[in-house]
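In: with the sequence up front, the predicted model follows.
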Amino acid sequence: MSATLSTPSAAVSAPAGGIDWSHVGSDNASLRRFLHGLPGVDQVGAEARAAALATRSIKTTAKAWAIDAAIGMVDLTTLEGADTPGKVRSMCAKAARPDPSDPSTPAVAAVCVYPDLVATAVQALHGTGVGVASVATAFPSGRAARKTKLVDVADAVAAGATEIDMVIDRGAFLAGHYSQVFDEIVATKAACGPAHLKVILETGELVTLDSVRRASWLALLAGGDFIKTSTGKIAPAATPPVALVMLQAARDFADRSGDVRGVKLAGGIRTSKEALRYLVMVNEVAGDRWLSPDKFRFGASTLLNDLLQQRHKLTTGAYDGPDYVSLD
Amino acid sequence: MKFEYAPAPESRDIARLKPSYGIFVDGKFRAGRGEAVKTINPATEEPLAEISEAAGSDVDDAVKAARRAYEGAWSKTSPAGRSKYLFRIARAIQERARELAVLESLDNGKPIKESRDVDVPTAAAHFFYYAGWADKLGYAGFGPNPRPIGVAGQIIPWNFPLLMAAWKIAPALATGNTVVLKPAETTPLTAITLAEIIAECDLPPGVVNILPGGPAVGQALVDHPGVDKIAFTGSTGVGKMIQKSVAASGKRVSLELGGKAANIIFDDAPIDQAVEGIVNGIFFNQGHVCCAGSRLLVQESIHDEVIDALHARLETLRMGDPLDKNTDIGAINSAAQLARIRALADSGDDEGAVRWSPECPIPAKGFWFPPTVFTGVSQANRIAREEIFGPVLSVLTFRTPQEAVDKANNTPYGLSAGIWTEKGSRILWTANRLRAGVVWANTFNRFDPTSPFGGYKESGFGREGGRHGLASYLESEAYLAQ
């Protein structure tokens, strides 16, 4: 991943050659002017574009490439109240070797767990190269004092998390308190230290694509390494039009700043077909700079098994059914 | 990492191509008495099939058959019976949708994704729509008892061969007329296949007659005294000739002709969607669209931003094999059309406009023209005034809404226009001042059978689609009952 910004004051300073946005986050009025000055999103047009991209036909060699690419972009996730060390260790084994019958299968990018299970995951994944992401900041609602949220982050980082998935304060965003959201992202980024920060917008609660675009820019300006759609706890989660708008935001931010930040789609993506359609969207909307686990992720639990089944199908010519992939 | 899409061609066998095709007259297929010509695949220049075209005597046969059907079986068919036939045709088009789509892409050169997702489904939708009107004509606003006109001679272009046939045939039959239809010389295959469908649907012989042929066949149809109405879609030049031909003949005429539409982008537009609208406006069907948004009028304050975004978007367009499901830009329909596009584009260079095209390899065989954008175009340039009918966009700028409207209307044409702004009041203000038959707001090139389509000024007269489309095929009489 790109070098990350670690201090609040550096959050919106421009990299060499980019645009100086340091004034944008200085107060709520400036942020509001900037975010509301972004071009609007026409919902009908965005949906039509997303639907048109979904008609691309990805076959044979392209499909094989895309399935392996998608596997390598998965954040294999368990975020349940019932999670136990045993469950997490089992999932970590799967993350490192998704298909024990075929060693050519790539490992996933990371696992994603609650903060108290980070230590377990770190131990289980030691030496595998698979990252450990932790949700934090009073996930999923984000309804806690900032102090509490930052402690949550610090705990996860101390336990060895290499990536932190924070949630934004949707209440503050919808109330127009953009500075509050911005400052919290900056503070969380500082608390992350060397860990990469993914900023969950929870687009299902923002509802309009205009809000999705503004929240994306807000998170990027505040220094998020990734913008992420959803917690997975609210429906709708990742949808094609939302993904389209977020990829456009990442692309536009990169075009104007030279700084390529990542996008993570999470929640509701269960089939290879959907994943491949999203990769087409990444390719054609954002560009191939985003076709890497450093810049694009799928947050998912069941998607991996479908990718593995499709991979078998391509290599053997036959579907071998759900009993041939592991349940973890 | 690079994501290379593997070829994903639709199978050519689905088209069920035959070695030869003829004409369809009085419910029968037979060879025409005109020339035998080869129709070719414009993407490869390979012959697809031989067509025995109609001659003048075939036109006479067809018009007489249409007259017999009009006065006989068709006038005895109840309105609900006409509905039934039209619903049947609509369903049959859907059942053979894949075959028709592949056939259309082979013969026309358009990408399969368009023939599959636009041409064929919209053709079926037109038959469904007008099927519903056939037994409700007394409620369409043309008096309690509107009557058909008689025998309609219909001449259609090569850009949407099946869809244009549907636009012409469906309202004519719904209103009780019979038709003689001439498809374009370079694209007869789907019209003849539609004749097969019509025959299989058991329409009475002579209700629909289809005569592949060239301009001479069209002229014979226009001049035939047995024809009551001419419906033509095509170039403004030919439209003017037709109007002269039928002057004082008593024939009714509707013309859907050329265009040079303005696609107006205001500074408060949703830019990403506007860029899609620009692409869809001019590069849909290789720009072979009479209502194409061929003049981009962009507010000067956002010109650079829009053009940069447009360039980036055009780099992702995929030109090539029309049967590949991932192809966005297919082949130009004919060598003659390619020559015309080249000549007009060259005039853009000569007149000082700046030409830009994305990197895209051009296939060695076939007729191809890359997506092209001219910036720095003035209203005085030929590429801003003449219809190119190809994938060539002319970019002009404006400063105020009034200037945008003035420039948009400054053309002999008036078929369509586009408005892009997030401000509803500006959409209404602008639309009220545009002299164009179709005005799209925050979209472009959307076709729906419920919506009337047609032109102002030299883009023609009469409307197709919607309730208005019925009027072109009805005698509307004052009706007074004591």
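Out: Ah, there it is.
In: who's in contact with B:Val63?
Out: If you count contacts by C-beta atoms under 8 Å, 6 or more residues apart in numbering or on different chains, B:Val63 has them with B:151, B:153, B:180, B:209, B:221, B:224, B:226-227. Heads up, the C-betas are built off the backbone N, CA and C, glycines and all.
In: 10 Å instead?
Out: Contact partners of B:Val63, counting by C-beta atoms under 10 Å, 6 or more residues apart in numbering or on different chains, are B:25, B:151, B:153, B:178, B:180, B:206, B:209, B:211, B:220-221, B:224-228.
In: among these, name the buried ones.
Out: Members of those that pass the buried threshold by neighbour count (16 or more other C-beta atoms under 10 Å in any protein chain shown) are listed as B:25, B:151, B:153, B:178, B:180, B:206, B:209, B:211, B:220-221, B:224, B:226-228.
In: let me know the closest of these to chain A.
Out: B:Leu211 (35.6 Å; C-beta to the nearest C-beta).
In: what about the closest residue to that closest one other than its chain neighbours, how many residues close to it?
Out: Residue nearest to B:Leu211 in three dimensions, not counting chain neighbours: B:Ala54, with 3.9 Å by C-beta to C-beta, 6 or more residues apart in numbering or on different chains. B:Ala54 is flanked by 31 other residues according to other C-beta atoms under 10 Å in any protein chain shown.
In: may I have the phi/psi pair for B:Ala54?
Out: Geometry field for B:Ala54 lists phi and psi as phi -80, psi 160, criterion degrees, to the nearest 10.
In: and of the buried ones among the contacts of B:Val63, the nearest to A:Phe173?
Out: B:Gly153 (63.0 Å; C-beta to C-beta).
In: just the element for the residue of the stretch 351-482 of chain B found nearest chain A, please.
Out: For the stretch 351-482 of chain B and chain A, the shortest gap (C-beta to the nearest C-beta) falls at B:Glu422, measuring 4.2 Å. Secondary structure here is read from DSSP states H and E; on that basis B:Glu422 sits in neither a helix nor a strand.
In: you'd agree it is up against B:Asn442?
Out: Yes - between B:Glu422 and B:Asn442 there is a contact under C-beta atoms under 10 Å: 8.1 Å.
In: list phi and psi for B:Phe29.
Out: The main-chain torsion angles of B:Phe29 are listed as degrees, to the nearest 10 and equal phi -90, psi 130.
In: pull the contacting residues for the nearest residue to it once chain neighbours are set aside.
Out: Setting aside the residues directly before and after it, B:Phe29 is nearest to B:Gly22 in space (C-beta to C-beta, 6+ apart), at 5.6 Å. Residues counted as contacts of B:Gly22 (C-beta under 10 Å, 6+ apart) are B:28-33, B:36, B:50-54, B:58, B:192, B:195, B:210-212.
In: among these, which are in strands?
Out: Among the contacts of B:Gly22, the members found in strands (DSSP state E) are B:28-30, B:36, B:50-52, B:210.
In: ok, of these, which come out buried?
Out: Burial of these was assessed by neighbour count (16+ other C-beta under 10 Å); the buried members are B:50-52, B:210.
In: just the buried residues of the helix ranked longest in chain A, please?
Out: With residue count as the measure and DSSP state H as the assignment, chain A has helix A:240-257 as its longest helix. In terms of neighbour count (16+ other C-beta under 10 Å), helix A:240-257 has its buried residues at A:240-254, A:257.
In: what about B:Asp13, neighbour count?
Out: Using other C-beta under 10 Å, B:Asp13 is surrounded by 9 other residues.
In: ditto for the one 3 residues further on
Out: B:Arg16 has 11 neighbours, counted by other C-beta under 10 Å.
In: distance of it from chain A?
Out: 22 Å (C-beta to the nearest C-beta, to the nearest Å).
In: pretty sure that residue contacts B:Leu103?
Out: Yes - in this structure B:Arg16 lies within contact range of B:Leu103 using C-beta under 10 Å: 7.8 Å.
In: need the residues touching each of those two.
Out: Common contact partners of B:Arg16 and B:Leu103 (C-beta under 10 Å, 6+ apart): B:96, B:193.
In: residues near the residue nearest to B:Leu203 when sequence neighbours are not counted, how many?
Out: The spatially closest residue to B:Leu203, leaving aside those adjacent along the chain, is B:Tyr85, at 5.4 Å (C-beta to C-beta, 6+ apart). Neighbourhood size, B:Tyr85 [other C-beta under 10 Å]: 23.
In: can you list the residues of the stretch 1-150 of chain A near chain B?
Out: By C-beta under 10 Å from any C-beta of the partner chain, the residues of the stretch 1-150 of chain A that approach chain B are A:38-49, A:51-53, A:55-66, A:69, A:72.
In: tell me the buried residues within those.
Out: Burial by neighbour count, 16+ other C-beta under 10 Å: within those this picks out A:39-43, A:45-49, A:53, A:56-58, A:62-66, A:69, A:72.
In: mind checking which of these land in helices?
Out: Filtering these for membership in helices, criterion DSSP H, returns A:43, A:45-49, A:53, A:62-66, A:69.
In: now, which of those residues sits nearest chain B?
Out: Proximity of those to chain B (C-beta to the nearest C-beta) peaks at A:Gly45, which lies at 3.1 Å.
In: three-state assignment of the residue most central in space within chain A?
Out: Most central in chain A under C-alpha atoms, centre = their mean is A:Lys264, positioned 2.3 Å from the mean C-alpha point. Secondary structure for A:Lys264, judged by DSSP: H, G, I helix; E, B strand; the rest coil, is strand.
In: now do the same contact list for it.
Out: With C-beta under 10 Å, 6+ apart, A:Lys264 has these contacts: A:73, A:75, A:109, A:112, A:133, A:163, A:165, A:198-200, A:225-230, A:238, A:246, A:295-299.
In: only whichever of the residues you listed are buried, select them in PyMOL.
Out: Provided next is the PyMOL selection string for whichever of the contacts of A:Lys264 are buried by 16+ other C-beta under 10 Å:
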select buried, chain A and resi 73+75+109+112+133+163+165+198+199+200+225+226+227+228+229+230+238+246+295+296+297+298+299
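In: please flag which of the contacts of A:Lys264 sit within helices.
Out: Within the contacts of A:Lys264, membership in helices is found for A:Met246, as judged by DSSP H.
In: wait, A:Ala133 touches A:Gly160, no?
Out: No - using C-beta under 10 Å, A:Ala133 and A:Gly160 do not qualify as a contacting pair, with a distance of 11.1 Å.
In: now do the shared contacts for those two.
Out: Common contacts of A:Ala133 and A:Gly160 (C-beta under 10 Å, 6+ apart): A:118, A:121, A:195.
In: got the residues you listed as a markdown table, with pLDDT, secondary structure and neighbour count columns?
Out: Rendered in a markdown table, the data for these read as follows (pLDDT from 0 to 100; DSSP: H, G, I helix; E, B strand; the rest coil; neighbours: other C-beta atoms under 10 Å in any protein chain shown):
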| residue | pLDDT | secondary structure | neighbour count |
| --- | --- | --- | --- |
| A:Val118 | 98 | helix | 26 |
| A:Ala121 | 98 | helix | 29 |
| A:Ala195 | 98 | coil | 23 |
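In: which one among those gets closest to chain B?
Out: Taking C-beta to the nearest C-beta as the measure, chain B lies nearest A:Ala195 of the shared contacts of A:Ala133 and A:Gly160, at 24.5 Å.
In: ok, and the closest non-adjacent residue to residue 50?
Out: Unless you meant another one, I'm taking chain A. With C-beta to C-beta, 6+ apart as the criterion, A:Ala50 has its nearest non-adjacent residue at 3.6 Å, and that residue is A:Pro240.
In: hm, I was asking about chain B
Out: Among residues not flanking B:Glu50 along the chain, B:Ser20 sits closest, at 4.5 Å (C-beta to C-beta, 6+ apart).
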